[in-house]
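Q: This is a predicted model, with the sequence first.
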Amino acid sequence: MTRNVSPDTEAVAGGEEEMVVRVTVPANHPANGGDSAFVIPTGGWEPSEEALNTRRETVLRELERVQKANFVHFFILCLVPTSLLLIVISAI
């Protein structure tokens, strides 16, 4: 996909400029009669060790945050019926 923005600015009434963006569709896109499979180009890019460690730490932090939130929600869900049961038992 390419974008061509710099030479295609046109003057519009009122002194404003309109930016025209032209996007080319890949040859294998279904609009061009190609198959519907999305092809990801493979390159020689390999993430550095630092990038991998940063990503791993970010995922672990997010996982811990979600687990803590789930534990709190589960605790509240268990606490409500238990407290109601204790109220009923103490009323008898």
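A: Perfect, thanks for sending it.

Q: got the residue ranges for the strands in the protein?
A: With strands called from DSSP state E, the chain shows them at 3-4, 9-11, 17-19, 22-23.

Q: Name the spans of the chain whose pLDDT lies under the cut-off.
A: By pLDDT under 70, the low-scoring segments of the chain are 1-21, 23, 25-44.

Q: all helices of it, in order?
A: Assigned by DSSP state H, the helices in the chain fall at 49-91.

Q: quick one, what contacts Phe74?
A: Taking Cβ atoms under 8 Å, 6 or more residues apart in numbering as the definition of contact, Phe74 has no neighbours. Glycine gets a C-beta too; all of them are placed from N, C-alpha and C.

Q: Distance check, it against Lys68.
A: Distance of Phe74 to Lys68, given as Cβ to Cβ, to the nearest Å: 11 Å.

Q: cool, and Leu79?
A: Distance, Leu79 to Lys68, using Cβ to Cβ: 16 Å.

Q: Pro47 now?
A: Using Cβ to Cβ, one gets 28 Å for the distance from Pro47 to Lys68.

Q: next one: Arg61
A: 11 Å.

Q: swap in Ile92?
A: Counting by Cβ to Cβ, the gap from Ile92 to Lys68 is 37 Å.

Q: can you check Ser48 too?
A: Ser48 is 30 Å from Lys68, where distance means Cβ to Cβ.

Q: What of Val88?
A: Distance from Val88 to Lys68, counting by Cβ to Cβ: 31 Å.

Q: ditto for Leu84
A: Remark: distance between Leu84 and Lys68 (Cβ to Cβ) = 25 Å.

Q: Val80 too?
A: Distance, Val80 to Lys68, by Cβ to Cβ: 19 Å.
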